[in-house]
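Visitor: for reference, the sequence and a predicted model appear below.
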Amino acid sequence: MPRKVSLASNSRSSSNSLRSIPISRLPKRSYAARDRGFHVLAAMRHDPTLSLSHAARLEGIKPDTVKRYFPSALEKSNGKYRVTKSDRYTETLYIPDAQGNPVAVKTRSSTDREALGQYLRDLGHYLRGDREALLRWRGRKIADVELVTDEHAILTMEPGLSDFSLYRAFNGGSL
């Protein structure tokens, strides 16, 4: 006699389906998990030999959480998850303005996020004496935000950069 599938098991599986929740309405814990998921994707792009499970373990997050928040950034190949070359996920990052205060930049791709990270890296090189580090950023904008490359402005904002973070604003408050 064939087994019947109960309605309870069908309703249970449909309750596990994802609902679209705006990023701004995510609880702090979920937002933090999503933030760590971005770091997993970045680590996997930086080191293509890194597996999803290993990268997730390094960031303190489960691989299923990364798959839940970023399904289109991962593709399965030969039974293993690999990160795509780029993605179109939105994230708000922070860069310093001419006074060293964080300015929110709403990025719309991994390319924008990577470029902002490289800009901050080059800004650090500039502050440590490499006067040519910011030449490639002169007159450039990322996500419609002008990047600070003026020597006087950078020297003025230098004291405010000690606690600066690309992902969070630390000037007395949090996200």
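Guide: Received the coordinates, thanks.
Visitor: got the domain ranges for the chain?
Guide: Domain ranges of the chain: 25-83, 91-161, per automatic domain parsing.
Visitor: what about the helices in the chain?
Guide: Assigned by DSSP state H, the helices in the chain fall at 7-15, 28-46, 52-59, 63-69, 110-127, 151-157.
Visitor: quick one: contacts for residue 118?
Guide: Going by CB atoms under 8 Å, 6 or more residues apart in numbering, residue 118 touches no other residue. No exception for glycine: its C-beta is placed from N, CA and C like everyone else's.
Visitor: would you turn the helices of the chain into JSON lines with mean pLDDT and distance to residue 92?
Guide: Shown next, in JSON lines, are the helices of the chain (pLDDT from 0 to 100; distance: least, CB to CB, whole Å):
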{"stretch": "helix 7-15", "mean pLDDT": "41", "distance to residue 92": "31"}
{"stretch": "helix 28-46", "mean pLDDT": "95", "distance to residue 92": "10"}
{"stretch": "helix 52-59", "mean pLDDT": "97", "distance to residue 92": "19"}
{"stretch": "helix 63-69", "mean pLDDT": "96", "distance to residue 92": "15"}
{"stretch": "helix 110-127", "mean pLDDT": "93", "distance to residue 92": "10"}
{"stretch": "helix 151-157", "mean pLDDT": "87", "distance to residue 92": "20"}
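Visitor: tell me the contacts of the residue nearest to the spatial centre of the chain?
Guide: Centroid check for the chain by CA atoms, centre = their mean gives residue 38 as the closest residue, at 4.1 Å. The contact partners of residue 38, taken as CB under 8 Å, 6+ apart, are 70, 89, 91, 113.
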